[in-house]
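Colleague: test case, fold it:
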Amino acid sequence: MKKILIIADSLFSKRLIERVIDSNTDKNFYDVVYNDDAVLPQNIPSNFVFHKFDPTSTMKLDKLLRSSDHFEALITARTKEETIDVIKIIRFTKKNFEITILDEWGIDSSSDPYLQKISSQDLISGRMLQKLPNIPVIASNIGLGQGEIMEIRIPFGSSYAHRYLSSIEQNEWQI
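Modeller: Numbers count the residues shown, from 1 in each chain. Reported below is the predicted structural model:
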C-alpha cells in the first residue's frame, strides 16, 4: 500500500477528491491537506486522513512529510505563488519525490525531473479535438503502456474501412 499526499487547495480539489474516492482507492492511503471545508466529501473512507491547515505553512507541511513515508504528491493550489511555495517546501524535505501539479500558469519545471505538470487547457482542447471527424484518436491513460487493446472509430469514407487488419501496413503498432 502506498501513501499519497494530496494538497487540495483550489476549486478543482473537491472534484479531484471525489474522483479518487470513486475510483476504488482502498489499495492506497491518502493524506489530504486542505484549507477550506468545501472540499470535504460527504463520506470519508477509512484510508483517507484529512489535515486542515494552510499548505504553504512550512512547519506544518514539513512535519506531515517527515511523519510519514509518502510515495508521491498531487498539488492543486489557487495561485502560481502558492503552488511554487508548496513545491519548495516539499523539495526541502524530499529531494527525489514525484510531484504532479495542476498548472494553469506555465510554471517552469525544466530543472526538476520529478515534477509533472497537468494543464486543464491542454486536456480540454485535446478532448474536443478528438470529437472532430477524421482526427485520429490517441490512446492515453490505458493500462501500463505495454500493449493494450484499443477500439477506434473509423470515419466514413476512410481508406481503412472494409479492409482486413492483415492488409494494413503496421507502423509503430502491431496486432
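Colleague: residues in contact with the residue most central in space within the chain?
Modeller: Taking Cα atoms, centre = their mean, the centroid of the chain lies closest to Thr100, which sits 6.2 Å from it. By Cβ atoms under 8 Å, 6 or more residues apart in numbering, Thr100 lies in contact with 72-75, 115-118. No exception for glycine: its C-beta is placed from N, CA and C like everyone else's.
Colleague: so how do I select the buried members of these in PyMOL?
Modeller: Buried members of the contacts of Thr100, defined by 16 or more other Cβ atoms under 10 Å, are picked up in PyMOL with:
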select buried, resi 72+73+74+75+115+117
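Colleague: identify the farthest-apart pair in the contacts of Thr100.
Modeller: Glu72 and Lys117 (14.1 Å; Cβ to Cβ).
Colleague: where in the protein is pLDDT low?
Modeller: Across the chain, residues meeting the criterion (pLDDT under 70) sit at 24-25, 134, 136-153, 155-156, 172-175.
Colleague: how about the helices in it?
Modeller: Taking DSSP state H as the criterion, the chain carries its helices at 13-22, 58-67, 80-93, 120-130.
Colleague: could I get those as TSV with mean neighbour count and distance to Ser46?
Modeller: As requested, the helices of the chain are arranged in TSV below (neighbours: other Cβ atoms under 10 Å; distance: least, Cβ to Cβ, whole Å):
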stretch	mean neighbour count	distance to Ser46
helix 13-22	16	11
helix 58-67	15	19
helix 80-93	17	26
helix 120-130	11	31
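Colleague: dump those helices into TSV; add distance to Ile4 as well.
Modeller: TSV is the format used below for the helices of the chain (distance: least, Cβ to Cβ, whole Å):
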stretch	distance to Ile4
helix 13-22	8
helix 58-67	12
helix 80-93	13
helix 120-130	20
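Colleague: for Asp108, find the nearest of these.
Modeller: helix 80-93 (9.5 Å).
Colleague: now the closest one - C-alpha only, PDB.
Modeller: Provided in PDB are the C-alpha atoms of helix 80-93 (Å, rounded to 0.1, in the frame of the first residue of the first chain):
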ATOM      1  CA  LYS A  80       1.100  30.100  -9.100                       C
ATOM      2  CA  GLU A  81       2.900  31.500  -6.000                       C
ATOM      3  CA  GLU A  82       1.200  29.000  -3.700                       C
ATOM      4  CA  THR A  83       2.000  26.100  -6.000                       C
ATOM      5  CA  ILE A  84       5.700  27.200  -6.100                       C
ATOM      6  CA  ASP A  85       5.800  27.600  -2.300                       C
ATOM      7  CA  VAL A  86       4.300  24.100  -1.700                       C
ATOM      8  CA  ILE A  87       6.800  22.600  -4.200                       C
ATOM      9  CA  LYS A  88       9.700  24.300  -2.400                       C
ATOM     10  CA  ILE A  89       8.500  23.100   1.000                       C
ATOM     11  CA  ILE A  90       8.300  19.500  -0.300                       C
ATOM     12  CA  ARG A  91      11.700  19.700  -2.000                       C
ATOM     13  CA  PHE A  92      13.300  20.900   1.200                       C
ATOM     14  CA  THR A  93      12.200  17.600   2.900                       C
END
